[in-house]
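Participant: 3D model of this:
(one chain, ligands or ions: 1)
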Amino acid sequence: MADTAQKMIEDIRAEAQFAREWVGYAHPSEVVLAAMASVAREHFVPESVRTFAYANNALSIGDGQTISQPYIVALMTDLLCQVKCRHVLEIGTGSGYQAAVLSLLVESVYSVERIASLHKQAVQRLYLLGYDNVKCRLGDGYLGWSEHAPYDGILVTAAAEQIPQALLAQLKPGGRLVIPLGEKYGAQMLTVIDKEQDGSIVRREVLPVRFVPLLPRVSE
Ligand code: SAH
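Facilitator: Residues are numbered from 1 along each chain as shown. Prediction:
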């Protein structure tokens, strides 16, 4: 029988127990789990893998890209929501699932995707499902989305080798960037970067992860 949203939440809790020593605190919060339980993940994955929609795994969404593993979505959302987040930027819209989860927790979500077909499908899907506080843009996420900056929080769902400077510049003082940092297809660390009120940067490594790489925008 296919997994259900409730089973997915139990699996996230179990994995969070395992990761507790790395992450350093009991997580994710009940608010984040409730948001994840209420987003119908089956609408965000291709029909061919719909049976696995609630499995605690990353799944292929086409164009060589993946929808992140639910536990990782929960962890990243939780890390972001620890700072007061009203206005959020996501880099890597992909299926739109992470943006939908965020939209239930913050006032406005801006999300940038580099692949036109994924961008288009995510826009349609988010519209049809009524996530109307999410705005999507086709573009290069390395550049952020300056028109709506500064952001309280920025979440990057693809791995960068270095911190993209434009993203740091678009973060409010007191804001937080959550990003996997490391080699393409190699060792990566989910990293939290806080911009203090005086503009200084505090960096903390949270968990070894494996994300698809952040790449420049595809030319059409
Ligand atoms: N957050 C997504 C999962 C994203 S997978 C979800 O919930 O489904 C990573 C995504 O980042 C892919 O869709 C990939 O195309 C996108 N990406 C990679 N490099 C990018 C860049 N420079 N700018 C914007 N998006 C990028």
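
Participant: next, the buried residues of the top helix by length along the chain.
Facilitator: Within the chain, and with DSSP state H defining each element, the longest helix by residue count is helix 5-23. Across helix 5-23, burial judged by 16 or more other Cβ atoms under 10 Å covers 5, 8-9, 11-12, 15-16, 19, 23. Placement of C-beta: from N, CA and C, glycine included.

Participant: what about that helix, distance to the chain center?
Facilitator: Offset of helix 5-23 from its chain centre (Cα atoms, centre = their mean, to the nearest Å): 17 Å.

Participant: other SSEs contacting that helix?
Facilitator: helix 30-38, helix 70-81, strand 201-209 (3 or more Cβ pairs under 8 Å, 6 or more residues apart in numbering; DSSP states H and E).

Participant: what packs against the longest one?
Facilitator: Taking 3+ Cβ pairs under 8 Å, 6+ apart as contact, the helices and strands that helix 70-81 lies on are helix 5-23, helix 30-38, helix 97-103, strand 151-156, strand 171-182, strand 188-195, strand 201-209.

Participant: gap between Leu190 and Ala122?
Facilitator: 23 Å (Cβ to Cβ, to the nearest Å).

Participant: what does Ala37 give?
Facilitator: Taking Cβ to Cβ, one finds Ala37 at 21 Å from Ala122.

Participant: and the two? Which one has more around it.
Facilitator: Each of Ala37 and Ala122 has its neighbours counted (other Cβ atoms under 10 Å); Ala122 has more, 25 against 17.

Participant: so Val106 makes contact with Arg86?
Facilitator: Yes: with contact defined as Cβ atoms under 8 Å, Val106 reaches Arg86; the gap is 5.7 Å.

Participant: those two: which has the busier surroundings?
Facilitator: Neighbour count, other Cβ under 10 Å: between Val106 and Arg86, Val106 has more, with 20 against 12.

Participant: okay, the helices and strands packed on helix 70-81 in CSV with mean pLDDT and distance to the ligand next?
Facilitator: Putting the helices and strands packed on helix 70-81 into CSV (pLDDT from 0 to 100; distance: least, Cβ to the nearest ligand atom, whole Å) gives the following:
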stretch, mean pLDDT, distance to the ligand
helix 5-23, 95, 14
helix 30-38, 97, 11
helix 97-103, 98, 3
strand 151-156, 98, 8
strand 171-182, 97, 10
strand 188-195, 98, 13
strand 201-209, 97, 12
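
Participant: fine, thanks again, bye for now.
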